[in-house]
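# Turn this into a structure:
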Amino acid sequence: MTTRRTDRRGTFAALLAVAVGGTLARLLALGDRVAHWGEARLGYDVLRYSATGVFEYRPVTHGPLLYHVDRILFELLGASDFVARFPVAVAGGLLPLAAWLFRDHLRDGEVLVLGVLLAANPALVYYSRFAAGDVLVAAFALFALGYLARTRHTGDRRYLYAASTMGAFGFASKANALLYLALWIAAGAVVADQRAFLRAVARRPVFDRRRGGVLARAVWRRGTPEMAVVAVFNPVVVLLFGPFSTIVVGILVAVVALLGGLVLQDAGRDAARSAVWLLGGVVAAYVAATGFLGAPLAAGGRQVAFAFTWFAAAAGVADVLLRGTDLGARTSRWRAPAVFATVWFLVLTLALFAPRNPDGLGLWSTLTAPLSLPALVEAGLIGPLADYVDVWVASNGNDYLSFSLPLLRTLALSSLTVVVAGALGFVANRYGERDEFVEFALLWAALAALVYPVAALVNAPWHALHVVVPLAVPAAVAVAAVARRVPNAVRERDPAVAGAAVLVCCVALAVPLTTAAGTAYLHPGSQDNPLVQYGQPSDDFRDTLDAVETAAAANTDGPDVVYYGAYFHVDNPQRADRLPVGDVYTENDDGGYDLVESNENWYNRLPLPWYTESFGATTDSARTLEGLDQLAETNPPVVVVRSQLAANVSTVVGSGYDRTTFNLTQRNVTVTVFVDRDAVAQQRVDAPAPAFAALDAGIPTESPVAARSNRGIVKRGPPVSLA
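Residues are numbered from 1 along each chain as shown. Purely as a prediction, here's the structure:
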């Protein structure tokens with residue numbers, strides 16, 4: 001590692017300026033693009049959460065952090081695309097500040113260039129202006145890693161607590177937070193192996209034999225059968241040979257806790273022994289009680305409960321084994337901070353994932369009913385962890401080439417500067433002044449590019465940013481190395497080298513800036529935009545939405561918006577009170593299931609429900625022309641239909657409606673919206689001046705829609721997720 005200057009306030013000031021500029025750029029025209037399918041689903045879900053007070057984590061919608069933040073912002077500022085995207089834009093804009101945390105590994109110029117690359121990369125700019133968790137998890141993960149690096153270099157435990165906080169926020173942002181951790185472990189293992197290899201090539205001892213001998217003798221002298229049993233019955237064994245029943249897991253928890261406590265008791269650690277026994281007794285009793293009460297923990301919950309107890313017992317055993325060694329001294333110093341950071345992570349994660357329900361199990365209702373705390377822990381900690389593993393760690397059966405080739409194409413078209421400079425930076429780091437963090441970052445990026453095609457749920461361009469973030473580190477090394485050539489060449493009076501270096505630096509900055517301008521600002525929904533996913537409408541229909549809002553506000557009888565046709569029809573609109581909206585089945589005499597309500601076509605309406613809900617508009621639907629005739633008796637001001645059926649609607653509603661046709665997705669889902677021109681004109685005439693101005697500004701003037709009852713019907717979500 002190179003010696004760095006101690007006075008780096010100028011670098012931090014420049015980095016802060018980059019972050020401020022990046023944030024302002026992300027906020028520019030933030031609400032102009034029509035919402036993506038996934039953004040609209042999230043926005044609608046948050047509106048219903050705000051109206052009902054009910055929230056339950058669902059893996060398909062990823063982490064709960066954006067739900068909670070957007071709910072607060074909606075209640076304070078009103079619901080709009082700008083407000084929904086605001087938290088992500090701010091997080092993406094401040095991402096360059098994470099570069100400052102790696103100043104022990106990077107030169108001043110490299111820190112600054114890393115910040116610029118994170119601020120200007122087109123993929124990061126585009127999806128920082130997108131209401132989803134990808135930029136959030138990438139930002140929080142990079143900050144968490146930076147704080148861990150600072151903890152290692154400074155020994156300041158406050159950085160560890162900051163890393164714990166960032167980790168909890170990242171975990172609550174999106175399910176692939178676990179994938180970040182797995183990639184870090186794999187990249188770290190490769191770096192450690194490389195370090196050992198270089199020591200061997202230099203004929204230096206790979207291991208410290210003296211310290212290793214002391215540790216081995218301590219283990220041999222203090223080892224007991226109880227320790228061996230705890231070591232054998234570990235979470236990996238339970239995972240490989242399970243799933244065991246709740247009774248068996250309860251017994252295993254009790255045995256591990258008992259043996260770990262006996263080891264501590266023999267070593268005179270009475271306080272630690274009591275803590276392990278208390279923890280083991282509580283967990284074993286809870287796991288077993290769930291089985292006796294007829295609601296046993298799921299397999300994932302049982303494994304997490306056992307792992308939690310095992311780590312507590314194993315920590316006590318390790319403390320006894322390592323006593324008197326250098327490793328034991330370091331472990332003893334960091335034991336309390338590590339426990340506090342872990343507990344803080346779990347508490348913060350529980351607070352974010354726990355359900356909210358004024359009339360049932362919820363975070364706030366548990367305060368008045370402490371006996372429901374175990375159920376809350378299962379719903380807010382154990383369940384989400386098991387779901388995360390199922391969603392992102394287990395393979396989704398993807399065809400590798402069909403997922404990897406689009407990812408590589410997105411990287412090439414949107415992040416070419418980072419890709420090329422990243423490869424050159426790795427070469428410069430490996431054969432020049434080597435820093436293990438730069439090597440670690442490139443391995444992290446390479447592993448991400450290899451693993452995401454396997455783990456991804458959807459073949460989408462936003463996966464590219466999870467490769468770009470780590471790849472920006474070696475890219476910054478390369479660009480900064482070229483930039484350092486400029487003053488050297490000027491001093492040596494070498495205009496050719498100076499000119500070439502300046503040209504390379506200008507290209508490295510100009511390419512991402514121009515690409516970001518086109519993808520994020522000029523053509524954010526274009527079919528030719530490499531960062532656009534299929535669920536993004538290719539047409540801008542803001543004017544139509546304004547007309548829909550105005551017409552709905554003028555309606556006093558019947559539904560404000562009517563959807564016509566089987567593609568949009570929902571048998572029971574009340575099923576949309578809370579997501580997911582699912583079909584309803586009943587079991588027949590033959591043991592099969594009969595469909596009694598078809599409701600999943602509601603998802604075909606997105607992104608329109610997000611806007612109609614924010615307007616306070618009521619909706620209904622008709623599958624047949626006869627049904628449309630009945631609804632037409634109330635003179636609905638807005639009718640939505642697939643374009644191929646627009647002629648049917650014209651025959652029913654007559655000529656008093658303006659028609660607009662546009663795509664709800666990138667292609668092949670063309671709809672026609674009929675808006676009653678008299679309703680629009682009348683509302684504009686009758687609206688008071690302030691309300692008229694608000695309508696023109698696209699600000700909802702209706703009061704929040706009243707909470708609608710949820711009948712608790714078991715629902716099944718949509719078969720395909722676009723987010």
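# Can you list the low-confidence ranges for the stretch 301-450 of the chain?
By pLDDT under 70, the low-scoring segments of the stretch 301-450 of the chain are 301, 324-328, 371, 390-396.
# which residue ranges form the helices in it?
326-353, 373-377, 383-388, 400-414, 416-431, 436-455 (DSSP state H, counting those that start in this stretch).
# quick check: angle from the fifth one to helix 436-455?
Just to be clear, that refers to helix 416-431. If you take axes from the mean of the first three to the mean of the last three Cα atoms, to 10 degrees, helix 416-431 sits at 130 degrees to helix 436-455.
# List the contacts of R485.
Listed by Cβ atoms under 8 Å, 6 or more residues apart in numbering, the contact set of R485 reads 497-498, 501. Heads up, the C-betas are built off the backbone N, CA and C, glycines and all.
# go with 10 Å
492, 494, 497-498, 500-502, 504-505 (Cβ atoms under 10 Å, 6 or more residues apart in numbering).
# Who wins on neighbours among the residues you listed?
Among the contacts of R485, the one with the most neighbours (other Cβ atoms under 10 Å) is A501, at 21 neighbours.
# Grab the nearest non-local neighbour of it.
Of all residues not flanking A501 in the chain, R485 sits nearest, at 4.2 Å (Cβ to Cβ, 6 or more residues apart in numbering).
# Whichever helix or strand the one you found is part of - what's its average pLDDT?
Using DSSP states H and E, R485 maps to helix 465-491. The average pLDDT within helix 465-491 is 90.
# And stretch 140-156, by the same measure?
Stretch 140-156 shows a mean pLDDT of 94.
# Then stretch 246-255?
Stretch 246-255 comes out at a mean pLDDT of 82.
# One more: stretch 672-692?
For stretch 672-692, the mean pLDDT works out to 68.
# Then stretch 286-294?
Averaging pLDDT along stretch 286-294 gives 70.
# again, but for stretch 57-70
In this model, stretch 57-70 has a mean pLDDT of 89.
# Can you get me the start-to-end distance on it?
15 Å (Cα to Cα, to the nearest Å).
# In that stretch, which residues are buried?
57, 59, 61-70 (16 or more other Cβ atoms under 10 Å).
# got the residue ranges for the helices in the stretch 451-600 of the chain?
Counting by DSSP H, counting those that start in this stretch, the helices of the stretch 451-600 of the chain are 465-491, 495-516, 542-554.
# Apologies, that question was intended for the stretch 1-150 of the chain.
9-27, 37-52, 65-77, 81-94, 108-120, 122-128, 134-154.
# same for the fourth one, what does it pack against?
Translated: helix 81-94. If you count contacts as 3 or more Cβ pairs under 10 Å, 6 or more residues apart in numbering; DSSP states H and E, helix 81-94 packs onto helix 9-27, helix 37-52, helix 65-77, helix 108-120, helix 122-128, helix 134-154, helix 608-615.
# Would you format the contacts of R485 as CSV with distance to G43 included?
Converted to CSV, the contacts of R485 look like this (distance: Cβ to Cβ, whole Å):
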residue, distance to G43
E492, 58
D494, 57
V497, 53
A498, 51
A500, 49
A501, 47
V502, 45
V504, 43
C505, 41
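# Closest one of the residues you listed to F197?
V504 (32.8 Å; Cβ to Cβ).
# Any regions of the stretch 101-250 of the chain where pLDDT drops low?
198-220, 222, 242.
# Check the protein and tell me which residue is nearest its centre.
K174 (2.3 Å; Cα atoms, centre = their mean).
# What is the burial count for N429?
22.
# Domain boundaries for the chain, per the record?
Each domain of the chain is listed here as a residue range: 9-30+62-193+395-522, 207-333+362-393, 542-697, per automatic domain parsing.
# and those, which is most packed in?
For the domains of the chain, the largest average neighbour count (mean count of other Cβ atoms under 10 Å) is found in domain 9-30+62-193+395-522, namely a mean of 20.
# what about that domain, how long is it end to end?
36 Å.
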